[in-house]
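Asker: Just the structure for this:
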Amino acid sequence: MTTDADDFSADHALQAQVLRARERTLDWFAQLQAPGQPLGVVRISAAHDAQRWPGMLLPGTYNAIMGLDLLGGLGNLSGAQRQALADWLLGHRRADGVFRVPGMRDDEVFKKPDPVETWNYIDFHVSNYTLGAIEALAPEQVPQLRFAEKYLDPLLLKAWLAERDLRDPWLEGNNIVNLGSFLFLMARHGAGHRSAVEQALALMFAWHDRLQEPSTGFWGVGQLSDPTRLLHAMAGSMHNYHLWYHCQRPLPFHDKAVDYCLSQPPALVSACIDVDLVDVLVHAHRLIGHRTSDTESWLRAILPQLLAFQNPDGGFADVLDGPGVAPRRQDGWVKGYEEPQGLSNTFSTWFRWIAIAMICDCLWPRWQPFAGGWKFRQMVGIGYLAR
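Answerer: Here you go, the predicted structure:
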């Protein structure tokens, strides 16, 4: 039988592990600095040849910036250095406001058979993450969102929603949350868009209400017929949920989503799946208080595993390499940059720290691990924590 003193001692030991892991990760980020680039422009991993693959400096950098921001690691940059880094990111913006990884070509990318849908997914994803990094560096920077303004047209938005393919809810969950992020930015930065954004969100909520599976709380075709489909439905739906959190709107069947997540063993799967499960549980712990004791036990069980997964260099991998494991690629760039799994990279390191930080924030809400505490993203999407 454990006592309060035992629990306190265990918590103290875990907190000490978190602090040591943070310092190692901050050191690792610094080692990735790209030669000849502004301070903070980094390679995505130690294996990344920036001369051969200069375009990968963009995802390498936006992941690192948001990871550093979460860990309180941007404070060492001067105002001029922050602006220079933001300007470097802005150099990847097209006239319509889309951010794109340099070097990606039509014949090298794929997410859906329709090339327009493929580019829409990639552009949404890269733009949301890059905008998140810019906001961390220069929050006064007003985003250019001309590419997303067309979705304020109710007929166009309805047509776009009708084309979402819920046979792949993981992919579509990313599309949904990224569009939601752009809509929220429009409302924040442009008063003239607020009523149109409210109308667009009403359409999106109505679409979700029609298609949500009551027994799970998820979206996805065939999710009740196959464990993998159900897992992917959870992974996609976790993104959609951010619209409810941001609007402070009660999420239907939130308790069912918690029940599913708690049915999964507290064991590492991948950087994405692990943070998705943690995100659902941590938000529900705060917002609906369903099975809070079970949730805390689950989080306590997975936290040491996350910390133990840190590589000796201080970064984190997505999954371990091995027979039959596909190389890690930039999402959608199927014939572009790739590297072996198991390597520390800025994408996986940021994602795994989101999971660690969310768990810490849930278990020890008054713990200040460093000055200012965890700094979660303000924009919806991975790394966002509703307050």
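Asker: all contacts plus neighbour counts: C-alpha atoms, from now on.
Answerer: OK.
Asker: A317 belongs to a helix, doesn't it?
Answerer: No. Applying DSSP: H, G, I helix; E, B strand; the rest coil, one finds A317 to be coil, outside a helix.
Asker: In contact with the closest residue to it other than its chain neighbours, which residues?
Answerer: Using Cα to Cα, 6 or more residues apart in numbering and skipping the chain neighbours, the partner closest in space to A317 is S344 (4.5 Å). By Cα atoms under 8 Å, 6 or more residues apart in numbering, the contact set of S344 is S45, A46, N311, D313, G314, G315, F316, A317, D318.
Asker: Narrow those residues to those that are buried.
Answerer: Buried subset of those (neighbour count, 16 or more other Cα atoms under 10 Å): S45, A46, N311, G314, G315, F316, A317, D318.
Asker: What about F182, how many residues nearby?
Answerer: Burial of F182 is recorded as 25 neighbouring residues (other Cα atoms under 10 Å).
Asker: Just the buried residues of the helix or strand harbouring it, please?
Answerer: Element membership of F182, judged by DSSP states H and E, is helix 169-189. Buried residues in helix 169-189, counted by 16+ other Cα under 10 Å: 169-187.
Asker: Show the low-confidence segments of the chain, by residue range.
Answerer: 1-8, 191 (pLDDT under 70).
Asker: mind redoing it with 90?
Answerer: 1-10, 189-194, 387 (pLDDT under 90).
Asker: helices or strands up against the strand or helix carrying S9?
Answerer: Taking DSSP H and E as the definition, one finds S9 inside helix 4-31. Applying 3 or more Cα pairs under 8 Å, 6 or more residues apart in numbering; DSSP states H and E, one finds that helix 4-31 makes contact with helix 292-308.
Asker: Look up the closest residue to N311, ignoring the ones flanking it.
Answerer: Once flanking residues are discounted, N311 sits nearest to S344: 6.7 Å by Cα to Cα, 6+ apart.
Asker: meant to ask about G372
Answerer: Spatially, and ignoring its direct neighbours in sequence, G372 is nearest to G72 (7.2 Å; Cα to Cα, 6+ apart).
Asker: now L211
Answerer: Counting by Cα to Cα, 6+ apart, L211 lies nearest to W219, which is 6.5 Å off, once chain neighbours are set aside.
Asker: how long is stretch 285-297 from one end to the other?
Answerer: Taking Cα to Cα, to the nearest Å, stretch 285-297 runs 12 Å from one end to the other.
Asker: actually stretch 30-47, not the one I typed
Answerer: Start and end residues of stretch 30-47 are separated by 15 Å (Cα to Cα).
Asker: picking up where we left off before, and the gap between the residue nearest to N311 and W364?
Answerer: For S344, the distance to W364 - Cα to Cα - is 27 Å.
Asker: Repeat that for L145.
Answerer: Counting by Cα to Cα - L145 and W364 are separated by 38 Å.
Asker: And those two? Which one has more around it.
Answerer: L145 (17 against 12).
Asker: what sits against that one?
Answerer: So L145 contacts D96, G97, V98, F182, M186 (Cα under 8 Å, 6+ apart).
Asker: H208: which of those residues is nearest?
Answerer: F182 (18.1 Å; Cα to Cα).
Asker: my guess is the closest one contacts R146, does it?
Answerer: No. Counting by Cα atoms under 8 Å, F182 stays clear of R146, with 10.0 Å between them.
Asker: all helices of the stretch 101-250 of the chain, in order?
Answerer: Secondary structure of the stretch 101-250 of the chain by DSSP state H, counting those that start in this stretch: the helices cover 115-137, 154-162, 169-189, 194-211, 227-246.
Asker: The third one vs helix 115-137, what angle?
Answerer: Spelled out, that is helix 169-189. 50 degrees (axes from the mean of the first three to the mean of the last three Cα atoms, to 10 degrees).
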